[in-house]
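Trainee: Sequence and predicted model, in that order:
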Amino acid sequence: MVTFCRPQRAFIKTRSGPEGMVEVRLLAFGPVGERLGGRHHVREVAPGTSLHRLVIDLGLEDWLSMGMALAVDGTHVDAATEIHAPVEVALLPPVSGG
């Protein structure tokens with residue numbers, strides 16, 4: 001099981017989104033966070049949006065082919081997972097080293 005510590009101040013929503021949209025809090029690790037310009041982000045998506053669609057909309061589709069893992073509320077999931085309620089999505093790039 002993966003557990004994430006999340007400082008509450010990082011996820012304060014400053015404005016409400018359109019009716020019927022679902023809030024997604026993003027945690028982007030390592031080079032994925034660098035590419036997005038920061039580690040913490042908030043997005044609004046339509047209910048039923050897949051994580052794959054979210055990743056494409058973020059411009060990170062190439063990271064999926066490189067083995068980026070996804071977690072929703074601390075549980076590893078695949079990219080076909082749909083978002084129907086407010087969640088925290090972690091974008092976990094592959095680890096390499098030596």
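Mentor: That came through, no problem.

Trainee: the strands in the chain, which residues?
Mentor: Per DSSP state E, the chain carries strands over the ranges 22-28, 40-45, 49-50, 69-72, 75-77, 82-83, 87-92.

Trainee: how about these in CSV, adding mean neighbour count, mean pLDDT and distance to W63?
Mentor: Every C-beta, even on glycine, is put in place using the N, C-alpha and C of the backbone. Below are those laid out as CSV (neighbours: other C-beta atoms under 10 Å; pLDDT from 0 to 100; distance: least, C-beta to C-beta, whole Å):
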stretch, mean neighbour count, mean pLDDT, distance to W63
strand 22-28, 19, 97, 10
strand 40-45, 17, 97, 15
strand 49-50, 17, 98, 16
strand 69-72, 18, 98, 10
strand 75-77, 13, 97, 15
strand 82-83, 17, 97, 18
strand 87-92, 20, 97, 7
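
Trainee: Please name whichever of those is nearest to D62.
Mentor: Checking those against D62 by C-beta to C-beta gives strand 87-92 as the closest, at 12.5 Å.

Trainee: Okay, angle between that closest one and strand 22-28 too, please.
Mentor: 30 degrees (axes from the mean of the first three to the mean of the last three C-alpha atoms, to 10 degrees).
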